[in-house]
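Visitor: Have a look at this prediction, sequence included:
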Amino acid sequence: VSVSSARSPVDPATNDGEFPFTAADFREIADLLYAASGIHLADAKATLVYSRIAKRVRKLGLDSFRAYCDLLRSDPAHPEHAAMLSALTTNVTRFFREPHHFEHMTAELLPPLIAKARAGGRVRLWSAGCSAGHEPYSMAMTLLEAFPDAARFDIRILATDIDPLVVEHARRGLYNDGDVEPIATGVRSKYMIRRAPGSWQVAPALTELLSFGSLNLMEDWPMRGKFDAIFCRNVAIYFDEPTQTRLFTRFAERLTPDGRLYIGHSERSLIPQLISAGLTIYRLKGMP
Ligand SMILES: C[S@@+](CC[C@H](N)C(=O)[O-])C[C@H]1O[C@@H](n2cnc3c(N)ncnc32)[C@H](O)[C@@H]1O
């Protein structure tokens with residue numbers, strides 16, 4: 001789909017023709033998404049918007065993107081706002097994605113945190129933008145491999161995402177053969193339970209370390225206390241620079257003095273308060 005100038009129809013040669021889609025429609029949807037989530041859609045994303053939102057237009061029995069935009073504009077509380085957000089977020093994830101972060105967790109992050117927990121301290125890890133749970137469960141597996149009796153201490157992982165559908169998937173903890181494939185066999189046999197051919201359930205040992213919730217990173221964060229590690233990987237990449245700067249500043253404020261921020265392979269910190277502590281890993285400047 002190529003988006004034509006405002007309010008003129010999209011070229012039918014590049015449109016599947018089912019629904020009219022104009023540049024003004026694209027702009028309105030992109031603006032709504034940005035205001036709701038901080039996600040910035042460049043004009044080149046018109047095809048993506050068309051294919052994902054056409055399904056919503058069809059499902060609602062509407063006949064055009066214009067009618068869809070009218071519906072959203074006329075009722076800011078309409079449940080379609082959440083459905084649009086779910087449709088437009090990219091939830092791609094996998095277990096042990098960017099494995100060097102989990103190696104770093106084992107070698108560098110966890111040893112002092114385990115000592116802190118054993119000494120009665122509070123340890124908190126956060127997967128911010130957790131998608132369907134692969135990331136926080138990978139963190140929990142890494143933690144349990146290093147600290148099998150973690151659950152007896154005050155050490156917990158918070159997992160949040162803006163999209164309630166993926167949070168629900170994460171909470172259910174049900175995965176298929178393809179999902180669990182990247183988990184090393186020995187680790188998988190300890191923490192993933194085969195429920196039926198092709199269906200795996202995360203073990204209670206993992207879920208008892210985790211709590212899940214819907215949270216929009218652009219809004220207030222209700223959690224109290226600081227985090228010893230924040231994983232926010234492949235999330236900020238969808239935000240524009242001012243939004244990334246604001247987000248990373250807020251993360252820096254939420255890190256313990258020796259806390260670490262882990263970000264995605266194509267992201268980088270834009271703020272001076274955070275300095276490199278490894279490949280796409282940051283710590284507070286002037287701290288250990
Ligand atoms: C590509 S996934 C990354 C998942 C995981 N962190 C990883 O690296 O595999 C990006 C996630 O960020 C979430 N997201 C996007 N904007 C968000 C926001 N404003 N607040 C919270 N989560 C957001 C999306 O819903 C999506 O699940």
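Guide: Perfect, thanks for sending it. Residues are numbered from 1 along each chain as shown.
Visitor: Which parts of the stretch 151-288 of the chain are helices?
Guide: 164-172, 177-180, 185-191, 204-207, 241-254 (DSSP state H, counting those that start in this stretch).
Visitor: so which of these gets nearest Leu85?
Guide: When the helices of the stretch 151-288 of the chain are compared by Cβ to Cβ, helix 164-172 sits nearest Leu85, at 9.2 Å. All C-beta spots, glycine's among them, are computed from the backbone N, C-alpha and C.
Visitor: mind listing what's buried in that closest one?
Guide: Neighbour-count burial for helix 164-172 flags 165-167, 169-171 (criterion: 16 or more other Cβ atoms under 10 Å).
Visitor: what do you get for stretch 262-275?
Guide: Taking 16+ other Cβ under 10 Å as the criterion, stretch 262-275 shows 262-264, 267, 269, 271, 273-274 as buried.
Visitor: avg pLDDT for that stretch?
Guide: On average, the pLDDT along stretch 262-275 is 94.
Visitor: Tell me how many other residues surround Glu103.
Guide: Using other Cβ atoms under 10 Å, Glu103 has 13 neighbouring residues.
Visitor: now do Ser131
Guide: Quick note: Ser131 (other Cβ under 10 Å) scores 25 neighbours.
Visitor: Residues of the stretch 101-250 of the chain that sit close to the ligand?
Guide: By Cβ under 6 Å from any ligand atom, the residues of the stretch 101-250 of the chain that approach the ligand are 129, 131, 135, 161-163, 166, 216-218, 233-235, 238.
Visitor: Check the residues you listed and tell me the two furthest apart.
Guide: Glu135 and Met218 (19.6 Å).
Visitor: Among these two, which residue is more densely surrounded?
Guide: Comparing Glu135 with Met218 by neighbour count (other Cβ under 10 Å), the higher total belongs to Glu135, at 30 against 17.
Visitor: what's the helix or strand for the more buried one?
Guide: helix 134-146 (DSSP states H and E).
Visitor: same thing with Lys55?
Guide: helix 46-59.
Visitor: show me the biggest strand of this structure in terms of residues.
Guide: Counting by DSSP state E, the longest strand found in the chain is strand 255-263.
Visitor: Quickly note the distance from the residue nearest to Arg283 when sequence neighbours are not counted to the ligand.
Guide: With Cβ to Cβ, 6 or more residues apart in numbering as the criterion, Arg283 has its nearest non-adjacent residue at 4.2 Å, and that residue is Ala277. Per Cβ to the nearest ligand atom, to the nearest Å, Ala277 is found 18 Å from the ligand.
Visitor: Next up, phi/psi of Ala277, please.
Guide: Main-chain dihedrals, Ala277, degrees, to the nearest 10: phi -130, psi 30.
Visitor: With that, I have no additional questions.
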